[in-house]
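Engineer: Fold the following for me, if possible:
(one chain, ligands or ions: 1)
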Amino acid sequence: MLVDSHCHLDFNDFEDDFEDMLQRAKEQGVTAMLNAGNNVGELDKQLKISEKYPFIYTAAGVHPHNAAEYPDIKAEDFVRYSKHKKVVAIGECGLDYYYDYSPKDMQIRVLKEQVKAAQETGLPLIIHNRESDEDMMSVLDEAYKQKPFCGVIHCFSSSRELAEFALSIGFYISASGMITFNKSNDIREVFADVPLDKLLVETDAPYLAPVPVRGRRNESAFVKYTAEKLAQIKNISFEELAEITSNNFYKLFRKASDKGRYEF
Ligand code: NI
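Structural biologist: Numbers count the residues shown, from 1 in each chain. Next up is the predicted model:
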């Protein structure tokens with residue numbers, strides 16, 4: 001059993017071989033997937049997929065890259081989107097000062113609205129953070145002091161300080177294919193110290209395919225390579241790691257039901 005806790009299955013990258021891609025995931029023991037949101041304009045497409053496949057959950061969110069497209073979006077919009085039974089989280093949302101596709105002030109504003117939605121609904125937040133550690137910690141810290149919420153730092157590639165802060169407010173930390181890359185020693189060192197009960201694994205497909213399939217289109221089946229690497233880092237068996245991270249997934253994303261697991 002493995003869960004791909006973050007992927008983008010509604011992207012056109014999967015148009016031509018969607019069913020085969022699911023079959024390959026099944027063959028690798030993947031039992032559920034969470035299709036993260038990028039742009040609420042695409043939410044209908046995400047929902048269609050989740051309505052068809054019981055084991056594919058989804059999330060409603062606006063990625064920081066797209067923040068500028070939503071100058072007026074409010075927390076209540078995300079609250080409304082999240083009423084659908086297959087929407088199990090708010091996000092992905094966050095800050096990305098590496099690409100800086102949207103102005104920082106807009107990224108922060110749209111993030112804060114999604115944090116508010118998480119506070120209101122009790123649904124977990126899926127956080128994207130890239131080279132924006134300071135602002136991320138200050139936004140989350142300020143909001144958390146007003147009203148706690150839960151979530152995950154997805155595709156973790158930030159500082160140890162950010163990981164420690166996230167853990168201090170009960171967040172989970174998710175490992176992507178980046179942990180398999182040669183140059184990712186810093187990231188692996190952080191994961192070595194993340195408690196087992198706070199770990200998730202993901203692909204972020206179609207991006208970031210892990211070694212040994214690096215450079216290819218990523219897909220949920222490849223989450224096994226990331227899980228194998230993480231098991232090595234944690235010095236436990238692959239089976240144990242798979243079970244722990246899958247259980248963690250259902251602990252965090254409480255609205256996702258075990259009943260939705262793969263039954264082909
Ligand atoms: Ni993503």
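Engineer: quick one: low-confidence parts of the stretch 1-150 of the chain?
Structural biologist: Along the stretch 1-150 of the chain, the model assigns pLDDT under 70 to no residue.
Engineer: can you list the residues of it near the ion?
Structural biologist: Contact residues, the stretch 1-150 of the chain versus the ion (CB under 5 Å from the ion): residue 36. C-beta here means a position set from N, CA and C on the backbone, and glycine is covered the same way.
Engineer: Helices of the stretch 1-150 of the chain, residue ranges please.
Structural biologist: Taking DSSP state H, counting those that start in this stretch, the helices of the stretch 1-150 of the chain run over residues 18-27, 43-52, 75-81, 104-121, 133-146.
Engineer: Surely residue 129 touches residue 151?
Structural biologist: No. Judged on CB atoms under 8 Å, residue 129 makes no contact with residue 151 at a distance of 11.2 Å.
Engineer: could you give the angle of whichever strand in the chain runs longest to helix 43-52?
Structural biologist: Using DSSP state E, we find that the single longest strand of the chain is strand 87-96. Computed by axes from the mean of the first three to the mean of the last three CA atoms, to 10 degrees, the angle separating strand 87-96 from helix 43-52 equals 140 degrees.
Engineer: Okay, now the sheet partners of strand 87-96, with direction.
Structural biologist: Applying DSSP bridges, strand 87-96 is found paired with strand 56-60 (parallel), strand 125-130 (parallel).
Engineer: Report the contact partners of residue 53.
Structural biologist: residue 22 (CB atoms under 8 Å, 6 or more residues apart in numbering).
Engineer: Got the phi and psi for it?
Structural biologist: phi -120, psi 110 (degrees, to the nearest 10).
Engineer: From residue 21, how far out is it?
Structural biologist: Going from residue 53 to residue 21 by CB to CB, to the nearest Å gives 11 Å.
Engineer: Could you check how many residues crowd around residue 228?
Structural biologist: Applying other CB atoms under 10 Å, we find 16 residues neighbouring residue 228.
Engineer: and it, what element?
Structural biologist: helix 223-234 (DSSP states H and E).
Engineer: For the helix or strand following that helix, name the packing helices and strands.
Structural biologist: The C-terminal neighbour of helix 223-234 among helices and strands, as given by DSSP H and E, is helix 238-252. Packing partners of helix 238-252 (3 or more CB pairs under 8 Å, 6 or more residues apart in numbering; DSSP states H and E): strand 2-7, strand 30-35, strand 199-201, helix 223-234.
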